[in-house]
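Student: Predicted model and sequence follow; I will ask about them next.
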Amino acid sequence: MSHPIQADFVFFYYSIIYRTDVFNEIDIKKILDEMNPSDRQSILPPWILFAPSFNPLLDYYSHEMGTPTNLKRVMALRYETAPRENLVEKKITAYEMEQKWINNSDQKKVRQINIDVGFISLEQVVLATFKPYYHRVLIGQSVYLELELYYQQKSFIPFPWSYPDYQHLEKIAFFNSHRMELKQLIRS
């Protein structure tokens, strides 16, 4: 028989695609701070930004956001642990921030920014979405959890459905290195 236990805390991360003619990395950090308000802001660790070189979905997002040459993706996180149950709230907050930055010019809505949120735990990397599918589980308020990577034999490993950029070694290395930091924080 299993018994309820407190799940380990996680690092939340953001995968952000933004228009470089509208935002820069300083703006992105300000948006992240706005989405993650804290009375401890001055003592929180800084945001770590990583710009992966492999971004196969920029063409996909260009239909809503403009030419791929004006788009950039960054991954963002900071070494602050939080309960994984916060994923629903963080996804809704990210959606609201995206809506705030929609440009309604020429009777056409143009997205300025796409903000995905997920978390890194010791055993997995997950992503939140509003889109249902057979491999996604509803966790509340129209938010679905999608497993992207699982940890086995000293590395994260993708699933057959994992997005191509999550299957790329560059992003796996990013998650592996931050998993090590998470493990140290949890164990200390």
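Tutor: Great, that's in hand.

Student: Would you mind measuring from N86 to F11?
Tutor: 11 Å (C-beta to C-beta, to the nearest Å). Placement of C-beta: from N, CA and C, glycine included.

Student: These two - which one has more neighbours?
Tutor: Under the criterion of other C-beta atoms under 10 Å, the comparison of N86 against F11 puts F11 first, with 22 against 15.

Student: Surely the more buried one touches M75?
Tutor: No. With contact defined as C-beta atoms under 8 Å, F11 does not count as touching M75 (11.3 Å).

Student: roughly how far out does the strand or helix carrying I157 sit from the chain middle?
Tutor: Take DSSP states H and E as the rule and I157 turns out to sit in strand 155-158. For strand 155-158, the distance from its own C-alpha centre to the chain's C-alpha centre is 17 Å (C-alpha atoms, centre = their mean, to the nearest Å).

Student: who's in contact with E123?
Tutor: 150-151 (C-beta atoms under 8 Å, 6 or more residues apart in numbering).

Student: per-residue pLDDT, it?
Tutor: Per-residue confidence at E123 stands at 98 (pLDDT).

Student: Now do it against Q184, distance only.
Tutor: Applying C-beta to C-beta, the value for E123 to Q184 is 16 Å.

Student: Same check on L49?
Tutor: The spacing between L49 and Q184, counted by C-beta to C-beta, is 21 Å.

Student: the more surrounded of the two?
Tutor: Here L49 and Q184 are compared on neighbour count by other C-beta under 10 Å; more neighbours surround L49, at 16 against 10.

Student: For the more buried one, what is the enclosing helix or strand?
Tutor: Counting by DSSP H and E, the element that carries L49 is strand 48-50.

Student: Who are the contact partners of the residue nearest to M65 when sequence neighbours are not counted?
Tutor: Nearest residue to M65 in three dimensions, chain neighbours excluded: R111, at 4.8 Å (C-beta to C-beta, 6 or more residues apart in numbering). For R111, the set of contacting residues under the criterion of C-beta under 8 Å, 6+ apart consists of 61, 64-65, 98, 101-103.

Student: So what's the predicted local confidence for R111?
Tutor: In this model, R111 is scored at 91, pLDDT.

Student: Could I have the CA atoms of stretch 32-51 written out in PDB?
Tutor: Once side chains and other backbone atoms are set aside, the C-alpha atoms of stretch 32-51 remain, and they are given as PDB (Å, rounded to 0.1, in the frame of the first residue of the first chain):
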ATOM      1  CA  LEU A  32       9.600  37.200 -15.800                       C
ATOM      2  CA  ASP A  33       9.700  39.300 -12.700                       C
ATOM      3  CA  GLU A  34       6.200  40.600 -13.300                       C
ATOM      4  CA  MET A  35       4.900  37.100 -13.700                       C
ATOM      5  CA  ASN A  36       6.700  36.000 -10.500                       C
ATOM      6  CA  PRO A  37       6.100  38.700  -8.000                       C
ATOM      7  CA  SER A  38       7.800  38.400  -4.600                       C
ATOM      8  CA  ASP A  39       8.400  40.500  -1.600                       C
ATOM      9  CA  ARG A  40      11.900  38.800  -1.700                       C
ATOM     10  CA  GLN A  41      12.700  40.000  -5.200                       C
ATOM     11  CA  SER A  42      15.900  41.700  -4.100                       C
ATOM     12  CA  ILE A  43      17.300  38.500  -2.600                       C
ATOM     13  CA  LEU A  44      16.100  36.100  -5.200                       C
ATOM     14  CA  PRO A  45      18.700  34.500  -7.500                       C
ATOM     15  CA  PRO A  46      19.000  36.100 -10.900                       C
ATOM     16  CA  TRP A  47      17.300  34.800 -14.000                       C
ATOM     17  CA  ILE A  48      19.400  32.400 -16.100                       C
ATOM     18  CA  LEU A  49      18.800  32.800 -19.800                       C
ATOM     19  CA  PHE A  50      19.900  30.300 -22.300                       C
ATOM     20  CA  ALA A  51      19.400  30.800 -26.100                       C
END
